[in-house]
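Novice: Fold the following, please.
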Amino acid sequence: MIYLDLLIGFLKVGFFAFGGAYGAIPLIRDVVLSYGWLSDERLTDMIAVSESTPGPIMVNLATYVGSSQAGLSGALIATLAVVTPSFLIILFLTILLKTALKNKYAAAVLGGLKPCVIGIVLATGCVMVFRQSVLPLLNEGGDFRPLILTAGLVLVYFGSGKILKKGLSPVVLILISACVGIVMYGV
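Specialist: Numbering: from 1, shown residues only. Predicted coordinates for the structure are as follows:
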């Protein structure tokens, strides 16, 4: 039964994830939490790990969730389920690409999807920061370090754009985040 659940759950993610991995995170969160495969906190941790490891986030998350639920075969099923729809859609679109992009209605649909995807990615980031950093502070009077770290990284990222006249590389930002995390949380 778990194999079928993994197949159906990650096929949903694969078919309806527009805008890349960051746009898919809310859908992945919905599927994973609805099946009870991971807690919200564990999923947030795995999103962070998936972002910092090589490969697409959706594939990394699907592989991890499948592996945690059903071992190697679960990882294979979840991974294949999440990538198969994209593969088939891209294959189909390449066949229709020459005529579809010249169609003003197709161009209008794609133009309308861009702001939607940006909004989904922004909302996901805000919800993740709120749930993991702000909400615990309001409820428990807890640890301010995650909020301080997030605010500091935002300042470094945007401040570097002003000083260096170009944005920081994501790799440099990840390394800065890791170093500051080690200092803030100790080893």
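Novice: Tell me the buried residues in stretch 28-42?
Specialist: Judged by neighbour count (16 or more other Cβ atoms under 10 Å), stretch 28-42 contains these buried residues: 28-29, 31-32, 37-38. For every residue, glycine as well, the C-beta is placed using N, CA and C.
Novice: what does that stretch contact?
Specialist: Identification of contacts with stretch 28-42 by Cβ atoms under 8 Å, 6 or more residues apart in numbering yields 5, 9-10, 12-13, 17, 43, 46, 58, 61-62, 65, 68-69, 124, 131-132.
Novice: Report the buried members of these.
Specialist: Buried residues within these, defined by neighbour count using 16+ other Cβ under 10 Å: 5, 9-10, 12-13, 17, 43, 46, 58, 61-62, 65, 69, 124, 132.
Novice: Just give me the neighbour total for Val180.
Specialist: Look at Val180: counted by other Cβ atoms under 10 Å, it has 16 neighbours.
Novice: Leaving out chain neighbours, which residue sits closest to it?
Specialist: Excluding its sequence neighbours, the residue lying closest to Val180 (Cβ to Cβ, 6 or more residues apart in numbering) is Leu149, at 6.0 Å.
Novice: so what's that neighbour up against?
Specialist: When contacts are counted by Cβ under 8 Å, 6+ apart, Leu149 touches 177, 180-181, 184.
Novice: what does Gly74 give?
Specialist: 2-3, 6, 66-68.
Novice: Can I get the buried ones among the residues you listed as something I can paste into PyMOL?
Specialist: Selection command for PyMOL covering only the buried members of the contacts of Gly74, criterion 16+ other Cβ under 10 Å:
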select buried, resi 3+6+66+67
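Novice: What about the contacts of Gly74, which are in helices?
Specialist: Among the contacts of Gly74, the members falling in helices (DSSP state H) are 2-3, 6, 66-68.
Novice: Name the secondary structure element that contains Ile95.
Specialist: Counting by DSSP states H and E, the secondary-structure element that holds Ile95 is helix 57-100.
Novice: Show the average pLDDT along that helix.
Specialist: When pLDDT is averaged along helix 57-100, the result is 88.
Novice: After it, heading C-terminal, what element do we hit next?
Specialist: Next in sequence after helix 57-100, counting helices and strands by DSSP H and E, comes helix 104-129.
Novice: buried sites along that following helix?
Specialist: Of the residues in helix 104-129, those buried under the neighbour-count criterion (16+ other Cβ under 10 Å) are 120-121, 124, 128-129.
Novice: so what does that helix touch, helix or strand wise?
Specialist: Counting contacts by 3 or more Cβ pairs under 8 Å, 6 or more residues apart in numbering; DSSP states H and E, the secondary-structure elements packed against helix 104-129 are helix 21-35.
Novice: so whichever helix or strand comes after the helix it packs on versus helix 21-35, what angle?
Specialist: Following the chain from helix 21-35 toward its C-terminal end, the next helix or strand by DSSP H and E is helix 40-52. Relative orientation of helix 40-52 with respect to helix 21-35: 150 degrees, computed using axes from the mean of the first three to the mean of the last three Cα atoms, to 10 degrees.
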